Every structure is written in C-alpha cells, then in structure tokens.
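Asker: Generate coordinates for the sequence data below:
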Amino acid sequence: MAVELIPTVVYSTMMGVVVSSIVRGAKSYNSNQGVYLFALLVLLLIHILGELYIFTGVYQYAPEIAGFQLPIRMLVGPAFYFYAATAMFAKFKVTTKQRFFALSGPIAILVLMVPFLFFISPEQKLALADPSTRDPNLWHLAVTTCVVTAIVFLVFTFVYLFAAFRLHAKHTAKLMEKYSAIEQRAMDWLKVLLVLWGFIWLVYAINYVAGLLGFKWHFMGALFPFIELVVLITFTHFALKQIEFFENEEDSEPEDKPRETVISHDKMEEISEKLILAMTDKTLYKDEDLSLNRLSKSISVSENYISETLSQYLKTNFFKFVNHYRVEEAKELLTNSEKLVSTIAYDVGFKSKSTFNSAFKTMTGTTPTAYKKALLTKKQTNL
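Answerer: Numbering: from 1, shown residues only. Now for the predicted structure:
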C-alpha cells in the first residue's frame, strides 16, 4: 500500500504540535491540572500514532499490533473531563469510582478485541487489508467488532464531553457568585472546544464505520485531518495559556444542593440596604475588578452573608447584581452624553467592550449601539 501523503503530512504535523506542547507544559506537571493535561496530550499522541500506523502503511510490517490504539483511545474522553475539572476547580480530586468508570471503556474494548488478540495470526490480520486475500468469515467478524467498538467509543466519549460541558456551566455559576468580571476565569474557550471535539469524534466514527462498510468519501481523507489539526492547535494554545485560578475549599466540588437559609429575614434586609448603598453612594461597581471579597471588606459583612442575601433575598447573584448598576449608568450616559460606547463601557466598570455588549443585551434585550440609535431616532421624531 502506498503512503497517503496528505493525511501523513497532517498527522505528522499534529504529532509535532503535541510533542512540543508536552515539552512546553513541563513546568505545570506538578499540579493536578498539569498532570491531566499531560495525560490527555499523551493519549492524543497515541491516537495520532495510530492514524500514522495506517496512513504510512506501517501496518504491513507490524500487523501484530493492529488496533493497539483502540482501547487507549477510550481514555481520551475521561482525560479531557479530568483536565477540565482540575482546570476549573483546582482542588478537584478524582474518586476511585470515577477511575473505575474511566477504565471500563478500555476494558470493554479489550474484551471485544479478544479474538484478534489471541486467535488470529499476524498474517491473517494483514490478509484482512486486501479484499483478494481476506477470509470472509474473519472479515465479517472484524467489521462487526470495529463497528461495535466505534459505537462504544462514541457513546463513552460523548458521556464525558457532556459531563465536562455541565461542569463548565457549574463553574461559570460559581464564578458569578464571586466576581463581577469573569471572562478571564470562565474558560469559555473550553466550551467551544468541547463542541468541536464532539463534532470531530462524531465525524471520525461515522467515516471510520462507513469505510469499513465500503463507503468512501475521498475528500474526507484530506479534509478531516486538517480540521483535527486546527482544533488541536487551538486547544493546546489555550490549554498552555490558561491561568490556574485556585478556588476556596468549597469550590473543589460543584454543589448540587441549594443553600439553606441561616440568617434571619431582618438581617438580610439590613445587608441588602448596605449592598445597595455600596453601589449607589460609593459606586463600587465602577471598580472593574470588584469581587465578593472586596465588597465584603468594604461594607464589613462576611462573604457568606452577602451571597446568601443576594440569592435568598434579592434573588440574584453577585455578577448580575453589580452589572445591573453598570448597565443602568451606561443607559444614563448613552441617553445624556456624547461619549463613545467603548468609553462608556470602561467608565462604568466593564473590562472590555464585548463584555459590556453582552451584559447590556442580556439585561435590555438590545446592544448599546442599537439602544443609542433608538434614542436618537426617537429624539428626531419628536422634533
């Protein structure tokens, strides 16, 4: 079999990206996040080597190791989840139950591969690659096994990607309880990458099964590796760049149970008045780095009491509470000043125009620019 040039070049490039990322990330391997990033990169490297094993024709010289990457690839989903968990919650600990479930995927694949591991010779494996030499019964068994393996891989990986997606939502909710600006901490890039990885593995599995069943989309052999390369480069760039934010002990595990009220209604009313005064009189919301901790020190009320008052009494969270005042002043400035929208964004406490636009649209249903245009149109109509 001739070497398939384009996939070989692309996957070789991917191998270089992963190896360089492993080297560049060496300093972080003393943390949980670094350990799981290293594990994920190694697993991706094994996946890439498995593809090169096929596309370069190496399988002709080492048919006895055919399929070596299949059980190992099952660990990509768990590794991605554990990396995401430790990146978002610095004190996250993997439980014994989680480790056992993560290993259940590779074990299931190994069980499915038992006939090929122990009862088929290397020569018979190599013969399966050529329609003129393959044994029909062995080929039928091989196709069935590979299709089932692909389905198990897809389901198993999607379970972990979905779990990571949910974990990201909980992480964002946690941040909104503590910070007025969350864009640097929220790891929104990870949410996008989760969708892209899901798409890639879905297309990969479909293309893999289709090839086994005799359907060939020749353009996929060139296009798919390029897509995978772009996503891999994007992931490694953000993963290596990501700042590790150390959370408090209670943030090490996302909470599913609602918080019980431990302070009286009168006390919450008193605290709410202090919170409102801190916004209206002291205009603390103009501090772009305002956090729950800073607000707590400013009004001499514990963080827990403030959080409880916001959630139980004012029915909001810290992020929404602070940004409400920012947006309200922005509306005032958009109405009564000639300042640029970007200038107003920074004046009222937002760190960036994009964050301002997002918060403004969430609370008003329109963008700041559209809001200002609507005001101008209304004024001109009234003239």
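Asker: Walking through the stretch 201-350 of the chain, point out its helices one by one.
Answerer: With helices called from DSSP state H, counting those that start in this stretch, the stretch 201-350 of the chain shows them at 218-241, 265-280, 292-299, 303-308, 318-336, 341-347.
Asker: tell me the domain ranges of this protein?
Answerer: Taking automatic domain parsing as the domain assignment, the record places the domains of the chain at 5-251, 265-382.
Asker: May I see those arranged in a markdown table, with mean neighbour count as well?
Answerer: C-beta: built from backbone N, CA, C; applies to glycine. Converted to a markdown table, the domains of the chain look like this (neighbours: other Cβ atoms under 10 Å):
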| stretch | mean neighbour count |
| --- | --- |
| domain 5-251 | 17 |
| domain 265-382 | 16 |
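Asker: Can you give me every residue that contacts the nearest residue to A345 once chain neighbours are set aside?
Answerer: Take A345 and drop its neighbours on the chain: the residue closest to it by Cβ to Cβ, 6 or more residues apart in numbering is F356, 3.6 Å away. Contacts were defined as Cβ atoms under 8 Å, 6 or more residues apart in numbering; by that measure F356 touches R326, A330, V341, I344, A345, V348, F350, P368.
Asker: which pair in those spans the largest distance?
Answerer: When those are compared pair by pair using Cβ to Cβ, the farthest-apart members prove to be R326 and V341, with a separation of 13.4 Å.
Asker: Which strand or helix spans the most centrally placed residue in the chain?
Answerer: Closest residue to the average C-alpha location of the chain: L190 at 2.7 Å, with Cα atoms, centre = their mean. Secondary structure from DSSP states H and E places L190 in helix 188-212.
Asker: Go ahead and name everything in contact with that helix.
Answerer: Helix 188-212 is contacted by residues 80, 84, 87, 143, 146-147, 150-151, 153-154, 157-158, 161, 164-165, 168, 216-217, 220, 224, 227-228, 231, 234-235, 238 when judged by Cβ under 8 Å, 6+ apart.
Asker: picking up where we left off before, quick check: which element contains the residue nearest to A345?
Answerer: With DSSP H and E as the test, F356 turns up in helix 353-364.
Asker: could I get that helix in PDB with only the CA atoms?
Answerer: Extracted C-alpha coordinates of helix 353-364, given in PDB (Å, rounded to 0.1, in the frame of the first residue of the first chain):
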ATOM      1  CA  LYS A 353     -16.500  46.400  25.100                       C
ATOM      2  CA  SER A 354     -17.500  42.800  24.200                       C
ATOM      3  CA  THR A 355     -18.400  42.100  27.900                       C
ATOM      4  CA  PHE A 356     -20.300  45.300  28.100                       C
ATOM      5  CA  ASN A 357     -22.300  44.500  24.900                       C
ATOM      6  CA  SER A 358     -23.100  41.000  26.200                       C
ATOM      7  CA  ALA A 359     -24.200  42.200  29.700                       C
ATOM      8  CA  PHE A 360     -26.200  45.200  28.200                       C
ATOM      9  CA  LYS A 361     -28.000  42.900  25.700                       C
ATOM     10  CA  THR A 362     -28.800  40.400  28.400                       C
ATOM     11  CA  MET A 363     -30.400  43.000  30.600                       C
ATOM     12  CA  THR A 364     -32.100  45.200  28.000                       C
END
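Asker: what angle do it and helix 318-336 make?
Answerer: Orientation of helix 353-364 against helix 318-336 (axes from the mean of the first three to the mean of the last three Cα atoms, to 10 degrees) gives an angle of 90 degrees.
Asker: pLDDT below threshold where in this protein?
Answerer: Along the chain, the parts satisfying pLDDT under 70 run over 1-2, 217-219, 221, 243-261, 382-383.
Asker: starting at the chain centroid, how far to the longest helix anywhere in it?
Answerer: Secondary structure of the chain read by DSSP state H shows that its longest helix is helix 136-176. Relative to its chain's centre, helix 136-176 lies at 15 Å (Cα atoms, centre = their mean, to the nearest Å).
Asker: now stretch 197-210
Answerer: Shown here is stretch 197-210, whose average C-alpha point lies 19 Å from the average C-alpha point of the whole chain (Cα atoms, centre = their mean).
Asker: CA atoms of it as PDB?
Answerer: Output in PDB follows, covering the C-alpha atoms of stretch 197-210 (Å, rounded to 0.1, in the frame of the first residue of the first chain):
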ATOM      1  CA  TRP A 197     -14.100  17.800  19.800                       C
ATOM      2  CA  GLY A 198     -17.600  16.300  19.900                       C
ATOM      3  CA  PHE A 199     -18.000  17.100  16.200                       C
ATOM      4  CA  ILE A 200     -14.600  15.700  15.300                       C
ATOM      5  CA  TRP A 201     -15.100  12.400  17.100                       C
ATOM      6  CA  LEU A 202     -18.600  12.100  15.600                       C
ATOM      7  CA  VAL A 203     -17.400  12.600  12.000                       C
ATOM      8  CA  TYR A 204     -14.400  10.400  12.800                       C
ATOM      9  CA  ALA A 205     -16.600   7.500  13.900                       C
ATOM     10  CA  ILE A 206     -19.000   7.900  11.000                       C
ATOM     11  CA  ASN A 207     -16.200   8.000   8.500                       C
ATOM     12  CA  TYR A 208     -14.500   5.000  10.200                       C
ATOM     13  CA  VAL A 209     -17.600   2.900  10.100                       C
ATOM     14  CA  ALA A 210     -18.500   4.000   6.600                       C
END
